[in-house]
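Enquirer: structure of the sequence below:
(chains A and B)
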Amino acid sequence: MGPNGVGKTTLLRALASLGTIDAGSILLGVEGARTPSTSPRYRPRIGYLPQDPDFIPRFTTREALTYSAWLHRVDDAPAAVRQVIDDLALHDESGRQLRRLSGGTRRRVLLGQSLIHRPDLLLLDEPTVGMDAEHRHAFRRAVDEVAQDRIVVVSTHVLSDLGDRCGRVVVLGRSGLAFDGTVDELVAQGEAMDPANGDDGEPAADRAIRVLAAGR
Amino acid sequence: MTASWWWAIRTSMRRGPAVAAFAVTLVVSTLHVVLRATWWRYEWHWAWYQYHFGTILLGPVVAGIAYDWGAVLHRSRPVLEAAGRVWAALSAAGAALILAVLTAYLLVLGGVSVVVGRTTGLGPDAATFATLAPPVALLIACIAVGSAVGFRVGSRGLAPVWAIITFAFLMAGYMVFPARFTKVGGATASLVGIRTRPQVQVGQVALFLGVTLFVVGLASLPRRSNGAQSMAAIGLALGLGGFGFLLAQPKNEFRPRDFALTCVGEAPRICLEPGWVAAEPDIREPLARYDRSLAAAGLPRVEIYAQRWPSRGNERWLDAVSVLRYSKDGPEDGLVVNQYLPDECWKAWDDGVSAAVTTLESYLARAWEADGRLKVSDAERASLQQAVRTIQACRN
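Expert: Alright, predicted model coming up:
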């Protein structure tokens, strides 16, 4: 988490081995692993839903998912597509073209594209931006569903984007890591902080993120 | 079972602009055929080479369509990059368009071939088939490069601009540089006795495919992709190799070839390349009229007209297209008068030669209309024979 411009997208792109890293390295896997995430052998293990994603608008939902299965060289594409449609409750939309879907439903399809190869690590960059409350809720449910058997990293500046299963929150500030702990610990820190003038109604966690990210 | 390349291509065809590209190619290619004279119908090589000239317009049009398709794909770029297979997606998308365009292009060429086959009763030779390779490679390059540029730029509104840029590039390769770079067709005259030079075709194919691989490979970077990097490197080597190879070729993209003529009839005897034999009656009709006119005036008659340059023995060069094209509307005096005019006359053209030519032309025009029923007085006969002697004197 963190305010706009703090580098959340850059970090996620780096984790997804998109773009270049100026310094340092990213290691994925068990503790002690020494293979950078940029190694091609990690690609099948990572799913990435970029910020404000889109896809060929005339493709149907099923075609978009099958296309991603082809891109990711999934062995049993029809089974993988069926599984994602089941997981994300996309049955009614499977034959509809993406351009005919609402923004929230389209985002679920795109989430399905990033899941089609059953990655161990799923990276979601501001996944609910632009969604109304109903779609935001449905999307969170979908993320909770897929988080049952994999690690999901969600980049957001909205605390409510984090589903019930969120086990760890990292707050990025202007000068680096500002917080690393559980949601409860974040809320506790927020409650311990004095509300600033005019923010009496601000939830404790949001207050904590704002203050921590600002480095105060 | 893995979703296959073929599935990806088919789906891209169905959901992309392939149908529109197919229709546009069909219309442009057909118009190119029907809006121009069809004298090529007597020659396979000429027919195909002439047909390929259409790529100078078709290439930019499909490049514009491909650019737009690439710009649509641009919206999917993050999804494609995340899978690390941008080059694969671009290749499948491009292949869908290429298949549609080439299918339409070959369909119309099939129609042209039916016309030639029915006219001549013959089939195409290997050299004719070889003319197909450069325009196919050129169309592939136009589509692939258009898709790749559209994918990188992403602005759909610039598709017409890209079509114009492609047209300018092709015209530059056709006219400004030695023509062999992008000239893959376009004969306006018969190709009897000559064939396209295979070395030029090999160089063009290498150049076009090299450009294709290089640009698609570059468009797929900077994502770390060994496939994209290899593609760009191979494309660069192939393209530079083709460019250098073309530079080393003679400027003329044609080569002479041995060929046999089929000679038909007498007074005059007409010798034609086999494909043209079907047109012999139409060619003979005006030539026979002139022959009768020459005979009526006691002038030397042309014994053999032959589709061969340079002429041999007592042959006269026969430009079959000119005979067919111009004799329908009336006498083509120069056609016969030129039989008396050696090259030297054109260098030493003076009032005497000019007057002699006018005398002959005037007579042939009147004789054409009368078709053998013209009475030639002794005085006119003498005048005409003197004119022929004047003209032929140039040779000495």
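
Enquirer: quick one: residues contacting A:Leu159.
Expert: The contact partners of A:Leu159, taken as CB atoms under 8 Å, 6 or more residues apart in numbering or on different chains, are A:Met1, A:Pro203, A:Ala205, A:Asp206, A:Ile209. For every residue, glycine as well, the C-beta is placed using N, CA and C.

Enquirer: how close does the second one sit to B:Leu106?
Expert: Noted for A:Pro203: a distance of 67 Å to B:Leu106, by CB to CB, to the nearest Å.

Enquirer: for chain A, where's the lowest mean pLDDT among helices and strands?
Expert: For chain A, counting by mean pLDDT, DSSP states H and E, helix A:204-214 ranks last in confidence among helices and strands (a mean of 79).

Enquirer: one step back: what's the closest of the contacts of A:Leu159 to chain B?
Expert: Of all those, chain B sits closest to A:Met1, with 21.2 Å by CB to the nearest CB.

Enquirer: my read is that that closest one contacts A:Arg168, right?
Expert: No: if you go by CB atoms under 8 Å, A:Met1 and A:Arg168 don't touch, sitting 11.0 Å apart.

Enquirer: between those two, which is the more surrounded one?
Expert: Per other CB atoms under 10 Å in any protein chain shown, whichever of A:Met1 and A:Arg168 has more neighbours is A:Met1, with 25 against 13.

Enquirer: show me the contacts for the more buried one.
Expert: Contacts of A:Met1 by CB under 8 Å, 6+ apart are A:Lys8, A:Ser155, A:Thr156, A:His157, A:Leu159, A:Val169, A:Val170, A:Val171, A:Leu172, A:Ile209, A:Ala213.

Enquirer: near residue 153, how many other residues are there?
Expert: Picked chain A for this. Neighbourhood size, A:Val153 [other CB under 10 Å]: 17.

Enquirer: ah, I was thinking of chain B
Expert: Using other CB under 10 Å, B:Val153 is surrounded by 17 other residues.

Enquirer: measure it to A:Leu111 for me?
Expert: Counting by CB to CB - B:Val153 and A:Leu111 are separated by 28 Å.

Enquirer: other residues contacting the least confident helix or strand of chain A?
Expert: The contact list for helix A:204-214 (CB under 8 Å, 6+ apart) reads A:1-3, A:6, A:157, A:159, A:171-174, A:178-179, A:183, A:186-191, A:193, A:195-196, A:199, A:202.

Enquirer: now restrict the residues you listed to buried residues only.
Expert: Listed as buried from the contacts of helix A:204-214 are A:1-2, A:6, A:157, A:159, A:171-173, A:178-179, A:186-187, A:189-190; burial here means 16 or more other CB atoms under 10 Å in any protein chain shown.

Enquirer: most widely separated two among those?
Expert: A:Val6 and A:Val187 (20.6 Å; CB to CB).

Enquirer: now A:Val183: how far from B:Gln386?
Expert: 116 Å.

Enquirer: also B:Ala233?
Expert: From B:Ala233 to B:Gln386 the distance is 75 Å (CB to CB).

Enquirer: repeat for B:Ser230
Expert: B:Ser230 is 78 Å from B:Gln386, where distance means CB to CB.

Enquirer: count the residues that sit near B:Asp291.
Expert: Other residues near B:Asp291 come to 19 when the count uses other CB under 10 Å.

Enquirer: does it touch B:Ala267 like I think?
Expert: Yes: between B:Asp291 and B:Ala267 there is a contact under CB under 8 Å: 5.8 Å.

Enquirer: what do those two both touch?
Expert: Contact with both B:Asp291 and B:Ala267 is made by residues B:Arg301, according to CB under 8 Å, 6+ apart.

Enquirer: does the longest helix along chain B come close to chain A?
Expert: Looking across chain B with DSSP state H, the single longest helix is helix B:86-120. Yes: residues of helix B:86-120 contacting chain A under CB under 8 Å from any CB of the partner chain: B:Ala88, B:Ala89.

Enquirer: and that helix, average pLDDT?
Expert: Averaged across helix B:86-120, the pLDDT comes to 94.

Enquirer: swap in stretch A:138-151?
Expert: Average pLDDT, stretch A:138-151: 83.

Enquirer: CA atoms of that stretch as CSV?
Expert: What follows is stretch A:138-151, C-alpha atoms only, in CSV (Å, rounded to 0.1, in the frame of the first residue of the first chain):
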residue,chain,number,x,y,z
ALA,A,138,-17.6,-9.1,-6.5
PHE,A,139,-14.0,-8.7,-7.5
ARG,A,140,-12.8,-8.9,-3.9
ARG,A,141,-14.8,-12.1,-3.5
ALA,A,142,-13.1,-13.5,-6.6
VAL,A,143,-9.7,-12.6,-5.3
ASP,A,144,-10.5,-14.2,-1.9
GLU,A,145,-11.4,-17.3,-3.9
VAL,A,146,-8.2,-17.5,-5.9
ALA,A,147,-6.1,-16.7,-2.8
GLN,A,148,-7.0,-20.0,-1.2
ASP,A,149,-4.1,-21.8,-2.8
ARG,A,150,-1.6,-19.2,-3.8
ILE,A,151,0.1,-16.0,-2.8
